[in-house]
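Undergrad: Need coordinates for the following:
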Amino acid sequence: MTPEKLQSIAFKWFETFNNKELEKLLSLYDEDAVHFSPKLKMYKPDTNGFVTGKDALREWWQDAFERLPSLNYKVKSLTANGDRVFMEYTRTVNGEEDMLVAEVLDIKEEKIIASRVYHG
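TA: From the prediction side, this is the model:
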């Protein structure tokens, strides 16, 4: 896949996430996609930070959108190569300090098969 196609998937990811268009966001993912996030580990310790599949992603993001209605991601940089997009963005939530986040999307056949979030 070309770097431009990978980046277009990432930009669509940001657009659908920030607009809280959950089903459009999920349509970017493979049915069996795996997602890791330190926030998952904190809020749902039994997951050890991992969820698998669209149903689990739907539950996680629906909860986040309801808890944090002002949640927004601002792109700082995107780097795409091979089958991966490295994203840096600023997480903003009203009443919280902004947080710099790095996330990696692994993409196969134009679907996200894995995503990993990193922040301090």
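
Undergrad: buried set for the lengthiest helix in the chain?
TA: Longest helix in the chain by number of residues, with DSSP state H as the criterion: helix 3-18. Neighbour-count burial for helix 3-18 flags L6, I9, A10, W13, F14, T16, F17 (criterion: 16 or more other CB atoms under 10 Å). For glycine as for every other residue, the C-beta is placed from the backbone atoms N, C-alpha and C.

Undergrad: One more: stretch 103-117?
TA: Buried residues in stretch 103-117 (16+ other CB under 10 Å): E103, L105, D106, I107, I112, I113, A114, S115, R116, V117.

Undergrad: Now the terminal residues of that stretch, how far apart.
TA: Stretch 103-117 has an end-to-end distance of 4 Å (CA to CA, to the nearest Å).

Undergrad: Repeat that for stretch 65-78.
TA: So stretch 65-78: terminal residues 24 Å apart, CA to CA.

Undergrad: Can you tell me what sits against it?
TA: For stretch 65-78, contacts defined as CB atoms under 8 Å, 6 or more residues apart in numbering pick out 7, 10-11, 14, 17-18, 20, 22, 64, 85-94, 100-101.

Undergrad: for the residue of the chain positioned farthest from its centre, phi and psi?
TA: Centroid-distance maximum for the chain: G95 at 21.6 Å, with CA atoms, centre = their mean. For G95, the backbone dihedrals (degrees, to the nearest 10) come out as phi 80, psi 0.

Undergrad: Relative to P69, how far out is it?
TA: 11 Å (CB to CB, to the nearest Å).

Undergrad: what is the rounded mean pLDDT of whatever helix or strand I107 lives in?
TA: Here I107 sits within strand 99-108, counting by DSSP states H and E. Averaged across strand 99-108, pLDDT comes to 97.

Undergrad: Give me the sheet partners of that strand and which way each runs.
TA: strand 84-92 (antiparallel), strand 111-118 (antiparallel) (DSSP bridges).

Undergrad: Where does K39 fall, secondary structure wise?
TA: Using DSSP H and E, K39 maps to helix 38-43.
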